[in-house]
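A.B. asks: Turn this into a structure:
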Amino acid sequence: MNIVDLKSKIREIPDWPQKGINFKDITPLLEDAESFKFAIDKLAEFFSDKGVEKVVGIDARGFLLASAVAYKLGAGVAIVRKKGKLPHETIIREYELEYGKNAIEMHKDAVKPKEKVVIIDDVLATGGTAKAAADLVEMLGGNIIGLGFLIDLTFLKGKEKLAKYNAFSLICC
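C.D. replies: Next comes the predicted model:
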């Protein structure tokens, strides 16, 4: 298994969720045991010597990756969800994405001060969601060790918004 094999497991859906957007569907990768294991191993490997205490997954496909990475690293998991989806006290951050505006939130007690945190998501597009998630972690006093993505849509230059962080992606499109 290598990155080229992994990339072949990503299905592109044109004009979804709206015209002009080409959605990167990772479900074929998730459904293939070897590909899923390889992706998780590679994401976790990048952070394996950093003393990670918490892995934050971004709604919704990021949850799948973050949980497995956290297990591999022996860390806890916290989630960042779309506004209105969490039942306990939250902090909220608004952001812009490639086709509109949105807001995400996280429980106020999800990350402890000075806790070493990694943020994981499936796709890095404009960087708005990831930056908003990083802002939430920092608002809670977390120490962001880095951000990991399965896919980076490099033409949208999302990494520029994350320049102050150690961010990486397994696949660049």
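
A.B. asks: Buried residues in the least confident helix or strand in the chain by mean pLDDT, which are they?
C.D. replies: Ranking every helix and strand in the chain by mean pLDDT, DSSP states H and E puts helix 3-7 at the bottom, with a mean of 87. By neighbour count with 16 or more other CB atoms under 10 Å, helix 3-7 contains the buried residues residue 6. Glycine gets a C-beta too; all of them are placed from N, C-alpha and C.

A.B. asks: Likewise for stretch 91-104?
C.D. replies: Buried residues in stretch 91-104 (16+ other CB under 10 Å): 93, 95, 102, 104.

A.B. asks: which other helices and strands contact the longest helix anywhere in the chain?
C.D. replies: Criterion DSSP state H: the longest helix present in the chain is helix 33-47. Contacts defined by 3 or more CB pairs under 8 Å, 6 or more residues apart in numbering; DSSP states H and E place helix 33-47 against helix 3-7, helix 27-31, helix 61-73, strand 143-152, strand 167-172.

A.B. asks: what residue is smack in the middle of the protein?
C.D. replies: Central residue of the chain (CA atoms, centre = their mean): residue 121, 1.6 Å from the mean position.
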